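J.: Got a sequence here, can you build the structure:
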Amino acid sequence: MSTKIYNGFSVATDSVFQLMETVNSFRPYIRAEGQKVLNAFLRKTRTAEEPFKGWMMWMDLRARTVDKGIRAPGVDTDFQLVFFPDGDRILGIAFTEHDRWFRRWLRQPLVSEYRYWDNTDQPNGISRKEWERRNEAWDRVLGTEPPVTRGLCIDLHEIGGPCPQDKADRKWKKKMAV
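T.: Residues are numbered from 1 along each chain as shown. The predicted structure follows:
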């Protein structure tokens, strides 16, 4: 069996408190980005003036694609992190259809890239010794089970994606932000 952890990362702490601070400080970014995806969908389907109608179309398309495991980044606002304790750090895997969101996650304090795969050569810039350490670390935390059965899973998005906002809601939120 091959190991492919393209969205792997390491969190430089063994503290669940620090981990949750990092996750919770990132959550607003994912929610805002998810809202942008929905708003783009509403514009594309010309339902921005009827957001509930557009949202129903959104939910129908999600049910026919994302909910069945079919890739559909235009309606997939899911962002799940799975964490695995590993000594004085926590390893993790991000599940998302949006590479930009994952790259932004990697810029969080304490978080760094920790990818690994064994089906092709290691990437440039990573020594053979470091690549072997990653192999050992991922084997240790994953074993032979699927990641979601071995780690702590946290979803950072709204269930089913964001909800539409009407113009009055947006104006009120703008006013409150001032």
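
J.: Okay, and Glu145 sits in which element?
T.: Under the criterion DSSP states H and E, no helix or strand holds Glu145.

J.: Kindly report the same for Leu38.
T.: Using DSSP H and E, Leu38 falls in helix 16-44.

J.: my guess is Ala137 meets Arg89, correct?
T.: No - contact criterion CB atoms under 8 Å: Ala137 and Arg89 do not qualify, at 9.0 Å. C-betas here are computed from N, CA, C, even on glycine.

J.: Just give me how far the host helix or strand of Gly92 sits from the chain centre.
T.: Assigned by DSSP H and E, Gly92 falls within strand 89-96. Computed by CA atoms, centre = their mean, to the nearest Å, the chain-centroid distance of strand 89-96 equals 9 Å.

J.: give me the beta-bridge partners of the residue most central in space within the chain?
T.: In the chain, the centroid-proximal residue (CA atoms, centre = their mean) is Phe79; its distance is 2.8 Å. Beta-bridge pairing for Phe79 (DSSP bridges): Thr96.

J.: again, but for the one 5 residues further on
T.: Beta-bridge pairing of Phe84 under DSSP bridges involves Leu91.

J.: For the remainder of this discussion, apply numbering that starts at 32.
T.: Noted, 32 is the first residue going forward, which turns the last one into Phe115.

J.: residues near it, how many?
T.: The burial count assigned to Phe115 is 19, neighbours taken as other CB atoms under 10 Å.

J.: these two touch, right, it and Gly123?
T.: Yes - if you go by CB under 8 Å, Phe115 and Gly123 touch, sitting 6.7 Å apart.
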